[in-house]
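Peer 1: pasted the sequence and its predicted model underneath.
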Amino acid sequence: MSKHTIPNIKESPVGSVTSDLEPALHNQGVQGRDRQSQPVLRPRLACKVNTYSDRIILSQDGRDFDFQINGQSGEALEKLLSMMDGTKSLSELQQRFSPNDTEVINTIVRNLDEQGLLDDVAQLRVHSGIDTLLELEDLTHELLDKSVEENPFWKLIKSTAPELPINVLYGFAIENYHFFSRKCCFQSPVLGFQSSTKVRQLLNELYCQEYGQDELAMEALNVIGISHEELTDTMPLPETMAMCNGLAFWANFEPLFFLSTLGVLADRTFKNFKLYLTACERLELDSRFIDPIRQLVNTKLKREQENLTRRIFQEIPHIDRETRQRFRGQTYLFIEMYNNFHRAIGHHYSSAPHLLRRVSAI
């Protein structure tokens, strides 16, 4: 394990380490000069930071760097390292931690760069959370528009032909009940979002808005003789569980990507249920079945003008390029699961002899 001594942030040592950053570091520490032509340095750590008692351990690719710390200077150093995420300029860090002697921060940056622990000290274009969300929304809507046009289920629903099997309409209500009733599995993990109190408040607001969707679906199913007890003994289609499990996985391990799906998912669910309601009315299903569906569309699925998902992502200051690329790849998988969910409803319920897939019958 390599050992290094980082200068005390509250003191003013003179650094003796030189690096390729030296000219830029020097220029940013000189007062009274025209800095407009100088590069803006935004240090970003390329390692993991762990604190143990009187030391900070920086780990990178099997290498560990041990920095001795003490008291308040150790706390300040830990805070400084946490802010080296590529979004803060060197001058901002200097003013925050050592306004009277900028060379202290310069020395720390030199030491880190000498050990290859900074992977980007050039100017970084900050890509905000809302920018990322808008890009993902465009991609998602593009993929959804294509999939809806090709999906046999939605072709059936939008068709005015009289041969639409009524069981497909009932099956849609059954599978959406299973989906609604499992929302807690993929919404609960993000309610404790640690990065922002504001985001936690918005998530709780969203959770409250969507409460009761499963009860309205159940109310409609009661009309056709399906009780809550029977549904408890019923398996959802594999494609329904795949979508629930996928969202639960992202909620636990990729919460930001999961949050990016919520707005589109709510918008599409609202539009899909409007199409579904039109089909139910066209085939003149029992009004007692249709009324809870209409209430679901008008109250539980309808969103206010302000988009909660966008308000959430306005609280996210930056998402790096690698994360954005990963999110785009996951968007394709999300759309595939969403498309398969509806395709499976049309395929299964158009020919199934029984509406319910009972666990007790296995």
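Peer 2: All right, it came through fine. Numbers count the residues shown, from 1 in each chain.

Peer 1: got the end-to-end distance for stretch 293-312?
Peer 2: In stretch 293-312, first residue to last residue: 29 Å (Cα to Cα, to the nearest Å).

Peer 1: for the stretch 151-300 of the chain, give me the ranges with low pLDDT.
Peer 2: 161-162 (pLDDT under 70).

Peer 1: what is the burial count for Ile290?
Peer 2: Number of residues near Ile290 (other Cβ atoms under 10 Å) recorded here: 17. C-beta coordinates here come from the backbone N, C-alpha and C atoms, glycine included.

Peer 1: assign a three-state SS to it, would you?
Peer 2: Here Ile290 is helix, with the state taken from DSSP: H, G, I helix; E, B strand; the rest coil.

Peer 1: list the contacts for the residue nearest to it when sequence neighbours are not counted?
Peer 2: Spatial nearest neighbour of Ile290, excluding adjacent residues (Cβ to Cβ, 6 or more residues apart in numbering): Cys280 at 5.2 Å. Cys280 makes contact with 169, 289-290, 293 under the criterion Cβ atoms under 8 Å, 6 or more residues apart in numbering.

Peer 1: and what of Arg326?
Peer 2: Arg326 sits next to 254, 257 when contact means Cβ under 8 Å, 6+ apart.

Peer 1: look at it and give its secondary structure.
Peer 2: helix.

Peer 1: measure it to Tyr332 for me?
Peer 2: For Arg326, the distance to Tyr332 equals 11 Å [Cβ to Cβ, to the nearest Å].

Peer 1: hmm, back to that, for the contacts of Cys280, which entry has the maximal number of neighbours?
Peer 2: Most crowded among those, counting by other Cβ under 10 Å, is Ile293 at 25 neighbours.

Peer 1: next secondary structure element downstream of the host helix or strand of that one?
Peer 2: Here Ile293 is covered by helix 287-295, with elements defined by DSSP states H and E. Per DSSP H and E, the first helix or strand lying C-terminal to helix 287-295 is helix 308-313.

Peer 1: give the rounded mean pLDDT of that following helix.
Peer 2: The pLDDT scores in helix 308-313 average 86.

Peer 1: from the contact counts, what lies against it?
Peer 2: Contact here means 3 or more Cβ pairs under 8 Å, 6 or more residues apart in numbering; DSSP states H and E; on that basis helix 308-313 packs against helix 129-150, helix 197-210, helix 255-282.

Peer 1: backbone dihedrals for the residue lying closest to Arg358 once chain neighbours are set aside, please?
Peer 2: Excluding the flanking residues, the one nearest Arg358 by Cβ to Cβ, 6+ apart is Asp233, at 5.4 Å. Dihedral pair for Asp233: phi -90, psi 20, per degrees, to the nearest 10.

Peer 1: Asp233: how many residues sit nearby?
Peer 2: Neighbour number of Asp233 under other Cβ under 10 Å is 13.

Peer 1: that one contacts Ser227, correct?
Peer 2: No. Asp233 lies out of contact with Ser227 (Cβ atoms under 8 Å); the separation is 9.7 Å.

Peer 1: tell me where this structure has strands.
Peer 2: 2-4, 44-45, 48-52, 55-60, 63-68, 118-120 (DSSP state E).

Peer 1: and Phe313, what does it touch?
Peer 2: Per Cβ under 8 Å, 6+ apart, neighbours of Phe313: 128-130, 132-133, 259-260.

Peer 1: how near is it to Thr261?
Peer 2: Phe313 is 12 Å from Thr261, by Cβ to Cβ.

Peer 1: ok so, going back, now the strands of the chain in TSV, with mean neighbour count, distance to Pro317 and mean pLDDT?
Peer 2: Putting those into TSV (neighbours: other Cβ atoms under 10 Å; distance: least, Cβ to Cβ, whole Å; pLDDT from 0 to 100) gives the following:
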stretch	mean neighbour count	distance to Pro317	mean pLDDT
strand 2-4	12	30	53
strand 44-45	18	14	84
strand 48-52	12	19	82
strand 55-60	16	23	84
strand 63-68	16	27	79
strand 118-120	17	16	70
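
Peer 1: could you export those strands as CSV, including distance to Cys244?
Peer 2: Output for those, formatted as CSV (distance: least, Cβ to Cβ, whole Å):
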stretch, distance to Cys244
strand 2-4, 47
strand 44-45, 37
strand 48-52, 33
strand 55-60, 36
strand 63-68, 41
strand 118-120, 37
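
Peer 1: which one of those lies nearest to Cys185?
Peer 2: Shortest distance between Cys185 and the strands of the chain, using Cβ to Cβ, is found for strand 48-52: 30.2 Å.

Peer 1: any idea which of the contacts of Phe313 is least confident?
Peer 2: Ser128 (85).

Peer 1: quick one, what contacts the spatially most central residue of the chain?
Peer 2: Nearest to the mean C-alpha position of the chain, by Cα atoms, centre = their mean, lies Leu256 at 1.9 Å. With contact taken as Cβ under 8 Å, 6+ apart, Leu256 is in contact with 129, 316, 319, 323, 327.

Peer 1: please name the nearest non-neighbouring residue to the second one.
Peer 2: For Ile316, ignoring the flanking residues on the chain, the nearest one in space by Cβ to Cβ, 6+ apart is Gly129 at 2.6 Å.

Peer 1: the one you found contacts Thr323, correct?
Peer 2: No. Between Gly129 and Thr323 there is no contact under Cβ under 8 Å: 10.4 Å.

Peer 1: pick out whichever of the two has more residues nearby.
Peer 2: With other Cβ under 10 Å as the criterion, Gly129 and Thr323 differ in neighbour count, and Gly129 comes out ahead with 20 against 15.

Peer 1: ok, that one - contacts?
Peer 2: 256, 312-319 are the contacts of Gly129 under Cβ under 8 Å, 6+ apart.
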